[in-house]
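1. coordinates only, no sequence provided:
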C-alpha cells in the first residue's frame, strides 16, 4: 500500500536474469481512486510493454490494483501473479473503521502507529535487519491522509463486484499461511474458485510482507510452478514492469526501471534499460 516500489529488492537479482524489472510508483500523498489508478497504470504499462508478453504482479494492495487493471484492459497482461491479495480487507470487522481512525490521527500519532502495525505486516523473525528498516521506512513514507484514503479503497465493497470470472489469463496465487494481517490463504482459495485459470501456492511459514523474507525467492517459485517465460511455452525471455524507487514525473503515478541490466538514467532522471522480449509489471 505504500506505493514506493522498494519492498522487493531481495527478489531483484534473480528476476533480473530473465526480466526487465519496472514498477508503478505512487506518490506518498496521492488520493486517486481505483479507476484513476487503473487507467494511469494501463497507459504507462502499454507505453513500456511494446509488442511483448506481459507478466503483471501485485502484492496486497497491488494485487487489488492488478485485478482492477486486468478487468479493465483484458488484453494487456498475459500472466497474472497475485501475492497475499488484500481483496478480503472489506470483509474484516475492523476494515471499515481503520480508514476513519487513520484519517483523524495526528501526524505524530500516525507515525507511532506504524510501529504497532509492523509485526502484523511481517514475520519479523524471517526478515533481515535491512529489510525490516525498509519496511518501516516505506510504511512511514505515506501521509496519514493518503493512507486513510487507500484503506478506504480497500474497504470499498466494489472490489467484491469485479468480474473475476471473465479473466482468462493464467493466474498464480501466492498466499502466506502465517499472515497476521489478513486471511490470505482462505482469500486465495476463494479467488481460485472464481478465476477460471488459477493455481494456488501456499507459503507455509510466511507473513504478509513475504517478499522481504530471507527464505522466499520469487524466481524459484516461478520456476517450480513452470511460470518462467521459457517454461510457459514462449521462445522469448521476460521483461518486468515492476520496480521503482519514486515517482519521477508530475503525473500521479510513474512506471520506472531501477535495477534492470544495462540501465542508465535518461535526460529526465528516469532509468532506461535495454528491453527484453517479455514484460513483468509490478
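-> That came through fine. These numbers were taken from a predicted model, which means no experiment stands behind them.

2. contacts only, for residue 172.
-> Residues in contact with residue 172 (CB atoms under 8 Å, 6 or more residues apart in numbering) are 79, 80, 81, 82, 198, 199, 201, 222, 225, 227. Backbone N, C-alpha and C define where each C-beta goes, glycine included.

3. next one: residue 83
-> Residues near residue 83 by CB under 8 Å, 6+ apart: 57, 58, 59, 60, 62, 63, 174, 210, 211.

4. rewinding a little: now the two most distant members of the contacts of residue 172.
-> For the contacts of residue 172, with distances taken as CB to CB, the pair at the greatest spread is 198 and 222 (15.1 Å).

5. more neighbours: those two, which one.
-> residue 222 (27 against 20; other CB atoms under 10 Å).

6. my guess is that one meets residue 216, correct?
-> No - at 11.9 Å, residue 222 does not count as touching residue 216 under the criterion of CB atoms under 8 Å.

7. find the residues that touch each one of those two.
-> Listed contacts common to residue 222 and residue 216 are nil; contacts here mean CB under 8 Å, 6+ apart.

8. picking that back up, restricted to helices, list the contacts of residue 83.
-> 62, 63 (DSSP state H).

9. now, which of the contacts of residue 83 sits nearest residue 163?
-> When the contacts of residue 83 are compared against residue 163 (criterion: CB to CB), the nearest one is residue 63, at 16.3 Å.

10. how about the contacts made by that closest one?
-> 82, 83, 84, 85, 86, 87 are the contacts of residue 63 under CB under 8 Å, 6+ apart.

11. cool, and residue 173?
-> Contact partners of residue 173, counting by CB under 8 Å, 6+ apart, are 82, 85, 188, 191, 192, 195, 198, 199, 200, 201.
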